[in-house]
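Fold the following.
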Amino acid sequence: MSVNIVAPLPGTVSEILVHVGDVVKTDEELIILEAMKMENPICAPRNGVVKELLVSSGDKVDAYQVLIALE
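Predicted coordinates:
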């Protein structure tokens, strides 16, 4: 079952910490999102495998935009 990881607020993707195919654990940091001059880690909600990265470093994202698909 897939789950989409979304941006909780608008900002800029400053760092992507995973690659497609990586196995991740619950609460592992996946992306660092910069918003309002603060770095906000986006973490995995559950164990899984990174199926797809839908953003690149430097991308500006909107709130609730899908960032990563986990399988």
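
make it CA atoms for all contacts and neighbour counts henceforth
OK.

Please, where are all the strands along this protein?
Listed in chain order, the strands of the chain (DSSP state E) span 3-6, 11-16, 23-24, 29-35, 38-43, 48-53, 60-61, 66-70.

Who are the contact partners of the residue nearest the centre of the chain?
Centroid check for the chain by CA atoms, centre = their mean gives Ile31 as the closest residue, at 4.3 Å. By CA atoms under 8 Å, 6 or more residues apart in numbering, the residues touching Ile31 are 13-18, 41-43.

bridging residues for it?
Following DSSP bridges, Ile31 is listed with bridge partners Ile16, Ile42.

what does Val6 give?
Val66.

so who does it touch?
Val6 touches 63-68, counting by CA under 8 Å, 6+ apart.

Glu34 now?
Taking CA under 8 Å, 6+ apart as the test, what Glu34 contacts is 11-14, 40.

Apart from its chain neighbours, what residue comes closest to Val20?
Val50 (5.0 Å; CA to CA, 6 or more residues apart in numbering).
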